[in-house]
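Student: Sequence isn't available, so here's the structure alone:
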């Protein structure tokens, strides 16, 4: 359409629109207002842009809008500063730290799920987002925020992430108008940054190492950087904290919500998952030591990430003239890639629309086929953290509760900052 390009089609049916594009070719040009974007539909070409992050740098509409929230944190910073940031953040996600984080995750999920009531109806996404945020706060700060502060952060995160996709496909001039929605967005962003700066200032003044993510970031040093860049500045630290809180909250809550929805639709898989939890947990609460034994839970998480990857679409910016799939691309071209699209290609996954956790039992997909966490040097630094968190949460839930759908409209996917289910309400029943 004139002026708007494909924006309305993308807003009305983003998944259907993107899923229709591989029929047009390996590279398909579309427009968001005046911005032209080349969507990469081929798995091998997608891997090329993920691996060559110098030529295909972080940028384009998705990254631009994400930077409004996180700044130049690890997930959105340009190639020029990424290596240094990665080295400084890597110790926080070292394998040796994961059991400590997992224990904090398990304690919170065991307590939270024990507080549900038999017959209670829950708004799944909102309920789980709040619980996941509590885990993110606990593992990052080793503390629990006052209830009013936690509620503010949850509300601000939800407002910001709900607006990201809409702002991505809206002409930039319209996002700067002083409309009520734009003003709410600006206030939420300012409040979130203020909360994070306050927490960081308090911890710097405290000076103690609590063994959490923030302590690791505060103490990290990079000997390969110049003297004035060997540690994270206060501003850089604030950007990393917002990045990890944002990435660790919406993505995990979305994955867990979709997993419960899929399990409710596939009762036999749910029955097997409960049996696994009963055997592994032996009637007790889940803890970090159980994670390696929860094989079916891990496969359910993988299959959920395949069908409904939270980061369903992202963009990169071409930094120098190049050729991709035989097509010349000029510097400044925006390219997009979609795990949702790649994960549903029939040549990569047999019966790709089917929920089948056991497909992960026999073999693992090729490096081009399964990319919920991206790939190359920019692959998500917290991928093991996220999967461990989701497995623990799933085991804690199914060991205590069964579900049935609550009355209401049918569940459907909606695209915000992440791919989430809308109108997902479940009634919980205590297991005998």
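Tutor: Yep, it's here. On a predicted model such as this, the values are computed, not experimentally measured, just so you know. Numbers count the residues shown, from 1 in each chain.
Student: CA only for contacts and neighbour counts going forward, please
Tutor: Noted.
Student: could you list every residue that touches the closest residue to residue 398 other than its chain neighbours?
Tutor: Nearest residue to residue 398, sequence neighbours excluded (C-alpha to C-alpha, 6 or more residues apart in numbering): residue 274, at 5.6 Å. Listed by C-alpha atoms under 8 Å, 6 or more residues apart in numbering, the contact set of residue 274 reads 395, 398-399.
Student: Report whether residue 274 is found in a helix, as I expect.
Tutor: Yes. Residue 274: assigned to a helix according to DSSP: H, G, I helix; E, B strand; the rest coil.
Student: any idea how far stretch 93-108 is from the chain center?
Tutor: 18 Å (C-alpha atoms, centre = their mean, to the nearest Å).
Student: Just the buried residues of it, please?
Tutor: Neighbour counts over stretch 93-108 (16 or more other C-alpha atoms under 10 Å) mark 93, 97-99, 101-108 as buried.
Student: those strands in the chain, which residues are they?
Tutor: Under the criterion DSSP state E, strands of the chain are mapped to 27-32, 35-40, 56-58, 121-123, 314-318, 322-324, 327-329, 334-337, 401-405, 412-415, 419-422, 425-430.
Student: where among these is the average confidence lowest?
Tutor: Ranked by mean pLDDT, those bottom out at strand 412-415, which scores a mean of 84.
Student: which helices and strands does it pack with?
Tutor: Contact analysis of strand 412-415 by 3 or more C-alpha pairs under 8 Å, 6 or more residues apart in numbering; DSSP states H and E lists strand 419-422 as its packing neighbours.
Student: Summarise which helices and strands the strand it packs on is packed against.
Tutor: helix 124-141, helix 234-265, strand 412-415.
Student: Rebuild the strands of the chain as CSV, extending it with distance to residue 378.
Tutor: Putting these into CSV (distance: least, C-alpha to C-alpha, whole Å) gives the following:
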stretch, distance to residue 378
strand 27-32, 22
strand 35-40, 18
strand 56-58, 9
strand 121-123, 34
strand 314-318, 11
strand 322-324, 19
strand 327-329, 21
strand 334-337, 14
strand 401-405, 37
strand 412-415, 23
strand 419-422, 20
strand 425-430, 35
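Student: what would these look like in CSV with mean neighbour count?
Tutor: Listed next are those as CSV, based on neighbours: other C-alpha atoms under 10 Å:
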stretch, mean neighbour count
strand 27-32, 17
strand 35-40, 21
strand 56-58, 24
strand 121-123, 17
strand 314-318, 22
strand 322-324, 13
strand 327-329, 12
strand 334-337, 25
strand 401-405, 19
strand 412-415, 17
strand 419-422, 21
strand 425-430, 20
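Student: picking that back up, out of the buried residues of stretch 93-108, the closest to residue 193 would be?
Tutor: residue 93 (23.0 Å; C-alpha to C-alpha).
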